[in-house]
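*Asks:* the following block contains a protein sequence and its predicted model.
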Amino acid sequence: MIGGARSGKSRHAEALVRSAGRERVYLATAQVWDEEMAERVRLHRADRPQGWQTIEEPYAIAPLLARGFDGKPVLLDCLTLWLTNVLLASDDPSLSGMPSPEQACETLLATLATCPGPLVLVSNEVGLGIVPDNALSRRFRDLAGRLHQNVAALADRVDLVTAGIPLSLKPQLALAPVAEYP
């Protein structure tokens, strides 16, 4: 599930996962850095109906996905927030031992290739705007673009959500993985 900010992608993803089973897992990657983000997280939690097991993990999502959650459908929201967390942590000396963003993406992709159980991923499309004016933003955009292409190549289904309307991009297209992370 990919789309712009506030496009309805999370709501669409939640509906897909709800239809896949009564017990389901919500793997949330957001970190609360300020009051605005705290309110967004609060609203997401309040909008979520009963029946969700929520796990909040900003970094180590690959080991969680590898578990498989006993076949329960999993919603991971959101890949771009996870990538932001990993990218910022790679420069934070207090978080020593974190893999590089490139290594984290490779690990995630390897996990997704063998991930047991139904899985719906949500991510923000970040490549449709202007070229960012700083190196960190350009690095993020480039990492996200490669990650999205590789995830889409692995996925059975890819939907683009705009204005709350999903458009199926795959299975109509056959995608090949892009080059490895430099």
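*Replies:* Arrived safely. Worth saying up front: this structure is predicted, and the values here are computed from it rather than measured.
*Asks:* is it correct that Ser10 is in contact with Val122?
*Replies:* Yes: applying Cβ atoms under 8 Å, one finds Ser10 in contact with Val122, separated by 5.5 Å. Every residue, glycine included, has its C-beta placed from N, CA and C.
*Asks:* now do the shared contacts for these two.
*Replies:* Common contacts of Ser10 and Val122, defined by Cβ atoms under 8 Å, 6 or more residues apart in numbering, comprise 1, 77-78.
*Asks:* out of those, which is most surrounded?
*Replies:* Met1 (27 neighbours; other Cβ atoms under 10 Å).
*Asks:* who's in contact with that residue?
*Replies:* By Cβ under 8 Å, 6+ apart, the contact list for Met1 reads 9-10, 12-13, 16, 120-123, 158-159, 161, 166.
*Asks:* would you turn those residues into JSON lines with pLDDT?
*Replies:* Compiled in JSON lines, the contacts of Met1 are given as follows (pLDDT from 0 to 100):
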{"residue": "Lys9", "pLDDT": "92"}
{"residue": "Ser10", "pLDDT": "90"}
{"residue": "His12", "pLDDT": "92"}
{"residue": "Ala13", "pLDDT": "92"}
{"residue": "Leu16", "pLDDT": "90"}
{"residue": "Val120", "pLDDT": "95"}
{"residue": "Leu121", "pLDDT": "97"}
{"residue": "Val122", "pLDDT": "97"}
{"residue": "Ser123", "pLDDT": "97"}
{"residue": "Val158", "pLDDT": "95"}
{"residue": "Asp159", "pLDDT": "95"}
{"residue": "Val161", "pLDDT": "95"}
{"residue": "Pro166", "pLDDT": "93"}
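*Asks:* tell me the phi and psi of the closest residue to Asp77 other than its chain neighbours?
*Replies:* Of all residues not flanking Asp77 in the chain, Val122 sits nearest, at 4.3 Å (Cβ to Cβ, 6 or more residues apart in numbering). For Val122, the backbone dihedrals (degrees, to the nearest 10) come out as phi -110, psi 140.
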